[in-house]
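A.B. asks: Fold the following.
(one chain, ligands or ions: 1)
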Amino acid sequence: MIVLLAGLLAFAGCAQQAEKPAPAPEKPAAPAAPAAPAPTASADEGKKLYSSKGCSGCHGANGEGIPGVGPAMKGLYGSEVELQDGTKVKADDAFLLESITKPGATVVKGYSPMPPLGVSDSDAAALVEYIKTLK
Ligand code: HEC
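C.D. replies: Predicted structure coming up:
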């Protein structure tokens, strides 16, 4: 994680030195922007929780997913998820929150239910913000 961050910072530094015009950002919200209004739930906080709460153990260090263990978090937000009972739901904020705070309530098809992890509502909100940045 630290190595990755350092790498990103080094990359950002190089890009600035090269004085190339910055490409238009593809993502609407830049999570690391210092000027961003401070929401109660922050993606940065969620990122820390993602490893400290063990999410990365089943969903991959960078949300890439682990076959047979946990579905990918990357690209999940806004996508359509098929549940065990065949219903299809859109992975919006409410769905992600429920998936984290009440894991048994919505079980993704092809997986055994995620165990309850005792994540508080505020921690879950931060985790949702982090998951939204994984594209
Ligand atoms: C022991 C393994 C395990 C751990 C730890 C774990 N999960 Fe999961 N998670 C799963 C499995 C398996 C599923 C798919 C079955 C289900 O939906 O219950 C899942 C589903 C999800 C979903 C819904 C995914 C989708 O494709 O719709 C979200 C969101 C999620 N987990 C977030 C988290 C977060 C955040 C954490 C850390 C607080 C976490 N998980 C920790 C195994 C795990």
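A.B. asks: can you pull out the helices in this structure?
C.D. replies: Using DSSP state H, the helices of the chain run over residues 2-17, 43-52, 55-59, 93-101, 121-133.
A.B. asks: in stretch 68-86, what counts as buried?
C.D. replies: Neighbour counts over stretch 68-86 (16 or more other Cβ atoms under 10 Å) mark Gly70, Pro71, Ala72, Met73, Lys74, Leu76, Tyr77, Val81 as buried. For the C-beta atoms, the positions are set from N, CA and C on the backbone; glycine is no exception.
A.B. asks: Go ahead and confirm the last one touches Ala91.
C.D. replies: Yes: taking contact to mean Cβ atoms under 8 Å, the distance of 5.1 Å between Val81 and Ala91 places them in contact.
A.B. asks: Could you report the neighbour count for Lys88?
C.D. replies: When neighbours are counted by other Cβ atoms under 10 Å, Lys88 registers 9.
A.B. asks: gap between it and Ala126?
C.D. replies: As judged by Cβ to Cβ, to the nearest Å, Lys88 and Ala126 stand 27 Å apart.
A.B. asks: Alongside the ligand, which residues does the protein contribute?
C.D. replies: Proximity of the chain to the ligand (Cβ under 6 Å from any ligand atom) is limited to residues 53-55, 57-59, 70-71, 76, 81, 91, 96, 99-100, 103, 106-108, 111-115, 117, 119, 127.
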